[in-house]
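[1] pasting the structure only:
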Ligand code: PMP
């Protein structure tokens, strides 16, 4: 099976499973059947790559860009996906169709596959491909209207000379450690600095600030993922009178900014109103951020690859 996934017999008969079918290595299976080997190197070593993708109103937003990033990440770790991009695209659409989902968060995971207890990837003959489509638990709506409180944390972003942050790998312990620090200080997100002390990004989001008519975000070389939402926002900015720019900056620039916001597939565009207990701008979501939120939502409502009925 390369493109069209067949529901397994169990999935057809299980009402619970029928409501959520998971794509696993060419088959759509019930949730309780969607299991991988304990020898999978995705589990044993975090050896694999992933994408988080959104579908809005029956269309998959920026699907091509997500697939391109997934294959780039896979190439960077010399991981053979074992499916062509068109076959993987068809599998994503089929998973959404089979689950009758029109608004969804899609998690696409490709692991090194089953091997032995050693870490040598040559022992893993076949990648494991997983597609999970579900409804999304976004931040509560009040975070968008009132804004988030975030902190810089002591965990530094991975060095690009070790694990390049542009590889969207299953190895998220760096991000998890930063998230734990945010949790321990009761804020929603963590800002990670890179080893040089420049702002890199958050645990699952890119970061921007606005100063006058300038819209600034760290370059990917600072340790920021080349976020797809980030790209959309930079593209939308000029139409809102903002000049996008990639530049290195430190927390000082965030503390003194007019507005700060985060971007990500799950979070979309979300305002930040406090950083390290300091109030940003007027302490409420800024007008330009609110306009970007509206422009981004408008974009997601009209663009995307249609999900077949
Ligand atoms: N940075 C990190 C570390 C991420 O995991 C993500 C995706 N969740 C992002 C930024 C945002 O990227 P995108 O807009 O493509 O979702």
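    Received the coordinates, thanks. Quantities reported herein were computed from a predicted structural model and do not represent experimental measurements.

[2] what residues does the stretch 1-150 of the chain put near the ligand?
    Within the stretch 1-150 of the chain, the positions adjacent to the ligand are residue 52 by CB under 6 Å from any ligand atom. Placement of C-beta: from N, CA and C, glycine included.

[3] for the stretch 1-150 of the chain, give me the ranges with low pLDDT.
    Residues of the stretch 1-150 of the chain meeting the criterion pLDDT under 70: 1-19.

[4] for the ligand, give me its nearest residue in it.
    Per CB to the nearest ligand atom, residue 52 is where the stretch 1-150 of the chain lies closest to the ligand, at 5.1 Å.

[5] could you look up the SS state of that residue?
    Under DSSP: H, G, I helix; E, B strand; the rest coil, the three-state class of residue 52 is strand.

[6] okay, and the beta partners of it?
    Per DSSP bridges, the residues bridged to residue 52 are residue 107.

[7] now do the same contact list for it.
    Neighbouring residues of residue 52 by CB atoms under 8 Å, 6 or more residues apart in numbering: 105, 106, 107, 108, 264, 265, 266.

[8] nearest to residue 76 among those?
    Nearest to residue 76 out of the contacts of residue 52 is residue 108 (CB to CB; 16.2 Å).

[9] what's around the closest one, how many residues?
    23 (other CB atoms under 10 Å).

[10] look up how far residue 211 lies from the closest residue to it other than its chain neighbours.
    Counting by CB to CB, 6 or more residues apart in numbering, residue 108 lies nearest to residue 51, which is 4.4 Å off, once chain neighbours are set aside. Residue 51 sits 32 Å away from residue 211, taking CB to CB, to the nearest Å as the criterion.

[11] then residue 42?
    Distance of residue 42 to residue 211, computed by CB to CB: 41 Å.

[12] what about the two, which has more around it?
    Taking other CB under 10 Å, residue 42 and residue 211 do not tie; residue 42 has more neighbours (25 against 14).

[13] which SS class is that one?
    helix.

[14] got the contact list for it?
    Taking CB under 8 Å, 6+ apart as the test, what residue 42 contacts is 36, 48, 109, 111, 112, 113, 128, 170.

[15] the same query, at a cut-off of 7 Å, please.
    48, 111, 112, 128, 170 (CB atoms under 7 Å, 6 or more residues apart in numbering).

[16] now the closest residue to the first one other than its chain neighbours, which residues is it bridged with?
    Nearest non-adjacent residue to residue 48, counting by CB to CB, 6+ apart: residue 111, 3.5 Å away. Residue 111 forms beta bridges with residue 48, residue 128, as assigned by DSSP bridges.

[17] how many neighbours does residue 111 have?
    Neighbour count of residue 111, defined by other CB under 10 Å: 25.

[18] with residue 28 instead?
    Residue 28 has 26 nearby residues by other CB under 10 Å.

[19] that one looks like it's in a strand, true?
    Yes: under three-state DSSP, residue 28 falls within a strand.

[20] any idea what it is bridged to?
    Going by DSSP bridges, residue 28 forms beta bridges with residue 7, residue 23.

[21] contacting residues around the residue nearest to residue 108?
    Residue 51 touches 66, 69, 70, 108, 168, counting by CB under 7 Å, 6+ apart.

[22] go ahead and confirm the fourth one touches residue 49.
    No: Residue 108 is not in contact with residue 49 according to CB atoms under 7 Å; the separation is 8.8 Å.

[23] find residues that contact each of the two.
    residue 70.

[24] what is the longest helix belonging to the chain packed up against?
    Across the chain, the longest stretch assigned as helix under DSSP state H is helix 287-302. Of the remaining helices and strands, those touching helix 287-302 by 3 or more CB pairs under 7 Å, 6 or more residues apart in numbering; DSSP states H and E are helix 228-236, strand 259-264, strand 268-275.

[25] out of the ones you listed, which gets nearest to residue 95?
    helix 228-236 (19.3 Å).

[26] and the angle from the closest one to helix 287-302?
    The directions of helix 228-236 and helix 287-302 differ by 110 degrees, with axes from the mean of the first three to the mean of the last three CA atoms, to 10 degrees as the criterion.

[27] name the helices or strands packed onto helix 228-236?
    strand 259-264, helix 287-302.

[28] quick revisit: of the contacts of residue 52, just the buried ones, ChimeraX syntax please.
    Remark: buried members of the contacts of residue 52, expressed as a ChimeraX selection using 16 or more other CB atoms under 10 Å:
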select :105,106,108,264,265
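
[29] nearest to residue 299, of the contacts of residue 52?
    residue 265 (13.0 Å).

[30] any idea how far the closest one is from residue 53?
    7 Å.

[31] related to what we said a few turns ago, most neighbours, which of the contacts of residue 42?
    residue 112 (30 neighbours).
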